[in-house]
Structures are given as structure tokens and as C-alpha cells.
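Novice: here is my input; please provide its structure:
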Amino acid sequence: MDLYKVGMRVEVVGNSDGFWNSYYGAKVLRVDQTKLRVRYEQIVDEDYGKYNVEDVDLKHIRPYPPESFDINYRLTVGDDVEVYDRDGWWRGEVVFDELDDELMVYFSYMAGDDTEEFGTFPYDDVRIHQEVKQVGKGFAWSHVKVAGPK
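Specialist: The predicted structure follows:
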């Protein structure tokens, strides 16, 4: 398992009801063949007051994305983005960008069902969504533009 190393920063992809299309920062504590043990950066165990530790299947892990896809890129209507909210990054689409320092974002299937939501967020809480793929013993990132809400 050369792709992930102890101490590496990763994101855990939400894969249960209420967490679809979300990503949570974590640090790798242990590497196994099919799982990583991670400590979340923001999710705290309410009973113990410590950051949650969990064994996560590799299919629900991605490396932490680069800080910026393109520093000169201005987010605009139609961009596939991730918004920092509720301790994680939630995937959505920019639907209105003419607010002073905020973007309106549309979230489809945010709760794992047919729920649709809109929200307004400051630019600092929004990043471009990037897809990752394995390339040799590393990763390559790319931005994907998607169709608008129906």
C-alpha cells in the first residue's frame, strides 16, 4: 500500500444517510491492505471529547485535495463546488454568483434521498470540486463541470 502513509492528510467520503456527497478531513494513523485507520480533524466523540478514530475502507478515502485548483479561477454559475459546513465539505453547484462576497449553492441529494437544498456561503467556505484518480504510485486531480439543477 504505497499510496497512503501514516501521518498523511486524507478525506473520508460520506457514505451513509445524511452524509452523501460530503468529505471529512482526517489523518492516517494506520495502513492496512483494504482499510485505513484515521483520526478525524473536526468530528469529536461527544462521550469522550476526543476526535473520532475509525477504520475506513479504502473505497471511502481520497487524498486531501490541493489547496487551490487554479488560484486565478473565479467561481461562477455552473461550477461544481464543495462548501465547508457542519464539520465537512458538501458537494454542490453554484447557482448564483452576484452577491457581494457570497455564492448561492444548490445541493442535490444532500441527505441521501430526493432532498434538495440551497444555501448562501462566503467565498472562503467554498472550493472547486475536484475528481481524483490514481496515476502510478500517486494521484492526479481534475476539475469537472456539471449540468445545472433541474
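
Novice: so where do the strands sit in this structure?
Specialist: Ranges of strands in the chain, per DSSP state E, are 9-13, 22-31, 35-45, 50-57, 61-63, 80-85, 88-96, 102-108, 116-122, 126-128, 130-135, 138-143.

Novice: residue closest to the middle of this protein?
Specialist: residue 23 (3.2 Å; Cα atoms, centre = their mean).

Novice: residues touching that residue, list them.
Specialist: 11, 12, 13, 14, 62, 82, 88, 89, 90, 91 (Cβ atoms under 8 Å, 6 or more residues apart in numbering). All C-beta atoms are positioned from the backbone trio N, CA, C, and that covers glycine.

Novice: quick one on the thing from earlier: with distance to residue 3 and mean pLDDT added, can I get the strands of the chain in CSV?
Specialist: Converted to CSV, the strands of the chain look like this (distance: least, Cβ to Cβ, whole Å; pLDDT from 0 to 100):
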stretch, distance to residue 3, mean pLDDT
strand 9-13, 10, 94
strand 22-31, 9, 95
strand 35-45, 10, 92
strand 50-57, 14, 93
strand 61-63, 8, 92
strand 80-85, 22, 91
strand 88-96, 21, 92
strand 102-108, 30, 89
strand 116-122, 32, 88
strand 126-128, 22, 89
strand 130-135, 7, 85
strand 138-143, 7, 80
